[in-house]
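*Asks:* Pasting the sequence and the predicted model now:
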Amino acid sequence: MSEIIRVENLSKQFGQVQALEDVSFSIRENEVFALLGDNGAGKSTLIKILSGVLQRTSGEIYINGEQVDLKDYNDAEEMGIETVYQDLAIAPNRTVAENIYLGNEILLEGPLGRLLNFVDDDRMDAESRELLSRLELDLNPRSEVKNFSGGEQQSVAIARALQSDPEIVIMDEPTSALSIEATRRILELIKRLRDQGVTIILISHNLENIFEVADRAAVLASGRLIGVEDLEGVTDDELVGMMMGRGRSSS
């Protein structure tokens, strides 16, 4: 598989605090790439840089071989990167379709749409239904999200990220606080996305989930990269040791 993202000597400093220091790694197309580390390791800072929310202090980011400057969320979106944060930003009193197109509503054609911003609900419902079918999600586009379980709301948030047909989706703790069954469904969805050609960057504290869906993992500790490991060749105990700052040979 060819590389889709490469970061070189990426650093981020907040005043006197060094949140990331000279982090370098690459991510391949169509893989689930996990970011591991304890709280304060630098994971959240890293994904915020990749999603355009934060600006790097130094270092380079390459996407599909092109050096990029992700100044904001729109830059990241234009480069094919979408992010599903732990705070799902779901509008509970709106429908599935309205949530999927939240902020990107499809307007009616003609003067009503252009001048009065009238939304084309029928088209949004139809396109949402098509997207949900492709993702194999049994959700009614016209249902209000407030009645959904946590797992169903997580599925809606992921579907919203897929609405723009991105190459890369970053997921921050997508199974946090979910039931066993809801977790299973989200992990199966992640696998389907990979099989459909989407590259996933996954943050999770659940090593069992990481081993189930991820191909490789980068381990961070105190803002530094400890190593990048193929998960077929490493144990959970070794990963825990790396998260504590003990190095292991990178692969």
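*Replies:* Sure thing, it's come through.

*Asks:* Poorly predicted segments of the chain, please.
*Replies:* 112-114, 247-251 (pLDDT under 70).

*Asks:* per the record, what domains does it have?
*Replies:* What the record gives for the chain is the domain set 1-80+169-251, 95-165, from automatic domain parsing.

*Asks:* Reformat the ones you listed as a markdown table; add mean neighbour count and distance to residue 88.
*Replies:* In short, each C-beta sits where N, CA and C put it, glycine included. Compiled in a markdown table, the domains of the chain are given as follows (neighbours: other Cβ atoms under 10 Å; distance: least, Cβ to Cβ, whole Å):
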| stretch | mean neighbour count | distance to residue 88 |
| --- | --- | --- |
| domain 1-80+169-251 | 17 | 9 |
| domain 95-165 | 17 | 4 |
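
*Asks:* With distance to residue 86 added, can I get the ones you listed in a markdown table?
*Replies:* Shown next, in a markdown table, are those (distance: least, Cβ to Cβ, whole Å):
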| stretch | distance to residue 86 |
| --- | --- |
| domain 1-80+169-251 | 5 |
| domain 95-165 | 10 |
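
*Asks:* which residues touch the residue most central in space within the chain?
*Replies:* In the chain, the residue lying closest to the centroid (Cα atoms, centre = their mean) is residue 170, at 1.4 Å. Neighbour list for residue 170: 47, 50, 51, 81, 82, 83, 84, 200, 201, 203 [criterion: Cβ atoms under 8 Å, 6 or more residues apart in numbering].

*Asks:* Go through the residues you listed and flag which are in helices.
*Replies:* The helices, defined by DSSP state H, take in 47, 50 from the contacts of residue 170.

*Asks:* Adding distance to residue 65, write the contacts of residue 170 out as CSV.
*Replies:* Compiled in CSV, these are given as follows (distance: Cβ to Cβ, whole Å):
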residue, distance to residue 65
47, 21
50, 16
51, 20
81, 15
82, 20
83, 22
84, 26
200, 20
201, 18
203, 25
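
*Asks:* Which of the contacts of residue 170 fall within strands?
*Replies:* Among the contacts of residue 170, the ones falling in strands (DSSP state E) are 81, 82, 83, 84, 200, 201, 203.

*Asks:* Could you point out which of those residues is nearest to residue 152?
*Replies:* Closest approach to residue 152 among those (Cβ to Cβ): residue 84, at 14.1 Å.
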